[in-house]
Structure formats: C-alpha cells, structure tokens
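> Pasted the sequence and its predicted model underneath.
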Amino acid sequence: MDLHFGDSKPTDEERAAVDALLGPPESSWEGADRSDADLRWARGGREARDRRDLLLPGLHALNDRVGWISDGALDYLCRRLTVPPAEAYGVATFYAMFSVTPRPATVLHVCTDLACAAAGAPGLCAGIEERLGPGSGVSVQRSPCLGLCERAPAALAIRAGDPVRTAVSAPATVRDAVLAASAPDSAPQEPPAALAVPQAGQAGLMLLHRVGVVDPASLDDYRAHGGYAALRRAFELGPAGVIREVTDSGLVGRGGAAFPTGRKWQATASQPDRPHYLVCNADESEPGTFKDRVLMEGDPYALIEAMTIAGYATGAHRGYLYLRGEYPRALRRLEHAIGQARARGLLGDDVLGQGYAFDIEIRRGAGAYICGEETALFNSVEGYRGEPRSKPPFPVEKGLFGKPTVENNVETLVNVLPILTLGAPAYAAIGTERSTGPKLFCVSGSVARPGVYELSFGATLGELLALAGVRDGLRAVLLGGAAGGFVRADELDIPLTFEGTREAGTTLGSGVVMAFDDSVPLPRLLLRIAEFFRDESCGQCVPCRVGTVRQEEALHRIAERTGAAAAGDIALLREVGRAMRDASICGLGQTAWNAVESAIDRLGAYE
C-alpha cells in the first residue's frame, strides 16, 4: 500500500523550486500541463531509479524556497522522480531541518547542546521566545550542536526564499539572535575562521598553517602558499605510489574509528567492479566538534586538492562531499572553490592536463547525527532514510550506489597533503609509533581560549588545556564528545594518542575536549547527553531505539536523588548500556552509554 495525497497540488512557487533543480517536466506523468506534454510515456526502469538520489536535493529546494514541504509539493517531487510518496514522506520526516507541517519562513535554531548549555543556552532560549512572542513570523527551535562551540552559545537563522538567507549569531545574545532572525541581511558578519584557531599564523603548523594566512576565496593565494604541490607529486608517484606513501605514513582515520587509511584506499582501488566513488564525510555532528568546519571555511582548496588525490589513488572519477546542513558559510566557500578549480582545469575531464577526470558534487545533510555513520550517509545520498546498513559487505566492496567506495572525513583527507609534500618517513616521525602525524583538537567549555588546536600526537591533556587557558575550578573533561567519556581533573597527564586514551579507559574520538568547571551541574549535563541520543537514534534497531529512551527515563528519575535511592536505576542503566553496546547495529547505540558510564564510575556523578 502506498501513501496518496489526494487532490493536493503544488503552488507555483513550489513547482518552480523543483523545476529549477530538475528542469521542466517532459511528460504529463511527471506533472506537466497536458496541453503541452505527451501523456503516452513515462520514465521507468533504470532511468527512473537513477534519479532517486535527487530526492534529498529536491527536499532542500522546497524547504529553502518555502520554509516547509507541503503535501502537494512532495507529491509533485515524487512524480518528477518516480518515487513512491510514502517513501519520500519517510525521508522528509527523517531530517530535523525539514518540516512537513506549516511553519514560518524564518527558523531560528538555538543550540542547547553541551558547550552552549554550559554557556547559558536555556536562558538565551527563554529570552528569545519572550522577546519574539507569538505571531512574530519566526519559529524558534532548540537545536543540537551547531558546530560553533568556540563561540557558545550559538544561534543560526534561516529565512526561506529565493535565495535562502542565513545569519549566525555566536556568541549569541537575545538582541543579536532576534536581529539575525528578523533581518538576516543586516545581522553582523561572522568573524573570520582564523579566530577559531588561537595558533593561527604560528610556525610549525601543518594542517592549519594556511588558516588566517591565505584568502580562502583566492585560488591564486592558495597556490602561492604551496597549494597543488601535493597533487603534482601524486601524479609523479602514480596511484599505487600514493597509496604506498599513505600506508607507510601510518595515517589512520581522524573521525574516531582510527582505521588505517592506506589499507582502506588499497582495498577500494583493488576492486574490479566499476565505477569507484569517493565520499568526504563533512557531516561532523558530534557535540563539541568543529574542526572540519574551520578547515572548510578557512582553507577550502586544501580539501578539494586532497579529495582529488584520494580519487586519483583509488580509481574514482566522482567525489561526493556530504556537508552539514548547519554550515552555510562552509557551503558558500566550497561552492566557490569548486567552481574556481573547475574553471582552472583542477577539476573536470582533464585535471592538470594529466588525462585524469575527476569532479566533486556537494550534497547537503539536513540535521541527522546518524548520517555521520558512513553507510547511513550512503543511504542519505541515494535518497533513502539515513539508516545504517549491516556489514559485511563493507563499503570498499559495496558502498555508494552499490559500488566500491572510499569514505574519509575532512581532517583525514587534509592530512594527505603533508604526507605527499614531506614524504611518508618524515610524516611518520611526527607523533608516536602507533599514532603518527598531527592531530586537531576542538577545545571548548571552561577555557579562556576555546578553538581548534593542532598538536603532534603524544602531547598530554594537561598541555593542551594549558594552551587553551583552563579556568579555575575544573571538575571534569569530556573527551570524544557525547559518544566519548569523562576524565577527572587529576587525570590531565593522559597522553593524547589513540593507544594512550584507550589504556586510560577513555577514547580520543574525533578530538573533542570539553572542559567543565564546578559551576556546571553534572546531572543536567548527563541528561542532555541522553536526550541527544534519544533524539538522534534512527530507530532501526531495538537495542538503540528502546535503550536510549530507557536511559533518559532513568536519568530523569535519579536527577534529584543520590545514594541508595538511585542505586536501582543505576543498576538498570548498566544493564541497558550493556545491551546497547553489545547489540546495536551501529556506533550510535554502541556508544550512547559511554559518557554516562564514565561519569558514574570516574566522577561519582550520583554519589
């Protein structure tokens, strides 16, 4: 049985939004006027299926133009793409940034996640709602992390229209956030990305050395500061030589899983099935993470060059850059950079005159933490709900569109540039034997200088916090974000390496370091983490779908209780946590209990 919308019709504006993406309809089956089009044919078979991946861009087109997705608009998009309306409705309702019910054209997203909550986000939300009042024409939505933790608390205003308008207020005040929502074009401009890098301009940086030094909009400036030297070196080495360098460097994934990058590239390159795809995962939605945003905003050409090298090494001719929907400035910077690279022969049919064809397409996410998981991301790009797939088969065998796919995050890819310019031995000499190279850390919370820091692996947590200026009264540090774990204020000698944090019983994750002083109520912080996982669970598997709800319920019950009164619920939390960790299909459910467990065991949160 399918879902039908009866006689719902799209408005002229909704029809124009879809047609701007897909072109005018060619037959009445696709929604064209019967007097102007042929009713005798419709797309079918492979041709229809090949257009399914345009569903997410189509939903964005409608949401951007009108502010929400009506029944008539969804029905028209489904006709154009030959997608069953029930399936499209399931996709549209999967993402937090879309709405299938009427709402104002302006939406103000106010972050209420960990760093912003500690910086007064609840009071900010209450003040904004009081100032705007009913009938303001602005929908205020409490949002998970917006990736602006160094400027907490943060707010993002999105006004639908042609074109869509956005404005960021961070650090936000009631006045500035209301101004961003009511007059996005008049709101103060965001500060440059370099302000998120306290080390900007310092000698010795490898990944951040151009941020704040080059004009992110200028390809010539990028090339004048060493840009595209790594790609030329890649063409000299050949695909196998590039993979050998990456393997010998010891580079592992920087998104948290720490899988050897060279092994992943080699496994993809050796697959006989064609075509191969490259996917850059720029959907960093882990609370406390913002390093990829800073790289994309401050040095966008570096990511484009790195993706081109990865595509060349693995035999891919098309790359997909899956970007967070909450990153409007990064989107503008990357769209401009890709256009410039394409115009100058650095993308397209003949990159640098070497006979290699490669191009990049940006796909925007729409507010779903689960799409940071690689197979959920593939489903999202393909036009399905962003739910993880079972493994095996692994993405290197059957990934995007069922073809061999290599997937890396932004930081991992950008590390390839110094590997090729310095050489694998020099890169491997940085850091430790098992954690080589530099690492980016996102420091926020109770510190004087929050931002992205670049350190060699092996530096201690205390050294990093000293750079950031940790405040007096430090109570705990959260490593790895909501999926990570807490450590005590007397454990700052933990080495920041994958093996060092593992031996200390915690995790390095994607590089999140959030400091909390004794003014932050720990039970409320844990409850926010539980709320986050409950909201972000895709619901596909029972352990995660039910477990995240039970975890939040138990934390609500013990929020005001300690000692023996809370013992029963703490025992229940442990049982639920074990079930989620052992039986969930993906990392979201497997790690949803980590931070709460560490707070109970290491910090004595409810004693």
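Great, that's in hand.
> which is the next helix or strand following the helix or strand of the chain with the lowest mean pLDDT?
One helix or strand of the chain scores below all others by mean pLDDT, DSSP states H and E: helix 45-49, with a mean of 65. Downstream of helix 45-49, the next assigned helix or strand under DSSP states H and E is helix 55-66.
> tell me what that next one is packed against?
Judged by 3 or more Cβ pairs under 8 Å, 6 or more residues apart in numbering; DSSP states H and E, helix 55-66 is in contact with helix 12-22, helix 71-81, helix 85-92, strand 359-364. Using the backbone N, CA and C atoms, a C-beta is placed for each residue, glycine as well.
> Would you map the strands across this structure?
Per DSSP state E, the chain carries strands over the ranges 106-111, 138-143, 155-159, 165-169, 276-282, 316-323, 359-364, 405-409, 438-445, 451-456, 474-479, 485-488, 512-517.
> Which other helices and strands does the third one contact?
Applying 3+ Cβ pairs under 8 Å, 6+ apart, one finds that strand 155-159 makes contact with strand 106-111, strand 165-169, helix 174-182.
> Next: the last one.
When contacts are defined as 3+ Cβ pairs under 8 Å, 6+ apart, strand 512-517 sits against helix 114-118, strand 438-445, helix 461-468, strand 474-479.
> That strand to strand 451-456, inter-axis angle?
120 degrees (axes from the mean of the first three to the mean of the last three Cα atoms, to 10 degrees).
> List the contacts of strand 512-517.
Strand 512-517 is touched from outside by 114-115, 118, 149, 286-289, 441-447, 461, 464-465, 468, 470-481, 484, 522, 525, with contacts defined as Cβ atoms under 8 Å, 6 or more residues apart in numbering.
> For the residue nearest to Pro239 when sequence neighbours are not counted, list the residues it contacts.
Distances taken as Cβ to Cβ, 6 or more residues apart in numbering put Ala313 closest to Pro239, at 4.9 Å, once the chain neighbours are dropped. Contacts for Ala313 (Cβ under 8 Å, 6+ apart) come out as 234, 239, 242-243, 246, 265, 269.
> mind redoing it with 7 Å?
Contacts for Ala313 (Cβ atoms under 7 Å, 6 or more residues apart in numbering) come out as 239, 242-243, 265, 269.
> Reformat the residues you listed as JSON lines; add neighbour count and pLDDT.
As requested, the contacts of Ala313 are exported to JSON lines (neighbours: other Cβ atoms under 10 Å; pLDDT from 0 to 100):
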{"residue": "Pro239", "neighbour count": "18", "pLDDT": "98"}
{"residue": "Val242", "neighbour count": "27", "pLDDT": "98"}
{"residue": "Ile243", "neighbour count": "24", "pLDDT": "98"}
{"residue": "Trp265", "neighbour count": "25", "pLDDT": "98"}
{"residue": "Ala269", "neighbour count": "20", "pLDDT": "98"}
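> Mind picking the one among those residues that's closest to Val406?
Trp265 (5.8 Å; Cβ to Cβ).
> Test my guess that the closest one contacts Pro404.
No - contact criterion Cβ atoms under 7 Å: Trp265 and Pro404 do not qualify, at 10.9 Å.
> ok so, going back, just the pLDDT at the residue nearest to Pro239, thanks.
With respect to pLDDT, Ala313 scores 98.
> Any stretches of this structure with poor pLDDT?
Applying pLDDT under 70 to the chain flags the ranges 1-6, 28, 31, 33-49, 560-565.
> if we go to 90?
1-8, 25-51, 133-136, 185-189, 255-258, 471-472, 518-521, 558-568, 604-607 (pLDDT under 90).
> Residue nearest the middle of it, spatially speaking?
The chain has Asp283 as the residue nearest its centroid, 1.7 Å off, counting by Cα atoms, centre = their mean.
> hmm, back to that, of all the helices and strands packed on strand 512-517, which lies closest to Val546?
helix 114-118 (24.1 Å).
> Buried residues, the closest one. List them.
114-118 (16 or more other Cβ atoms under 10 Å).
> Distance to Glu297 added to these, as CSV?
Listed next are these as CSV, based on distance: Cβ to Cβ, whole Å:
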residue, distance to Glu297
Leu114, 22
Ala115, 18
Cys116, 19
Ala117, 24
Ala118, 24
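> quick one: the helices in the stretch 501-607 of the chain?
522-536, 542-558, 564-583, 587-591, 594-603 (DSSP state H, counting those that start in this stretch).
> Tell me which of the helices and strands packed on helix 55-66 is the most buried.
helix 71-81 (a mean of 23; mean count of other Cβ atoms under 10 Å).
> what does it contact?
By Cβ under 7 Å, 6+ apart, the list of residues contacting helix 71-81 reads 5, 8-10, 14-15, 18, 22, 25, 29-31, 51-52, 54-55, 58, 62, 84-85, 88-89, 92.
> do stretch 402-413 as well
For stretch 402-413, contacts defined as Cβ under 7 Å, 6+ apart pick out 253-255, 261, 264-265, 268, 271, 273, 275-282, 291-292, 295-296, 303, 306-307, 310, 314, 374, 395-397, 399, 440.
> before we move on, back to that, from the contacts of Ala313, pick the one nearest Phe498.
Of the contacts of Ala313, the one sitting nearest to Phe498 (Cβ to Cβ) turns out to be Trp265, at 19.3 Å.
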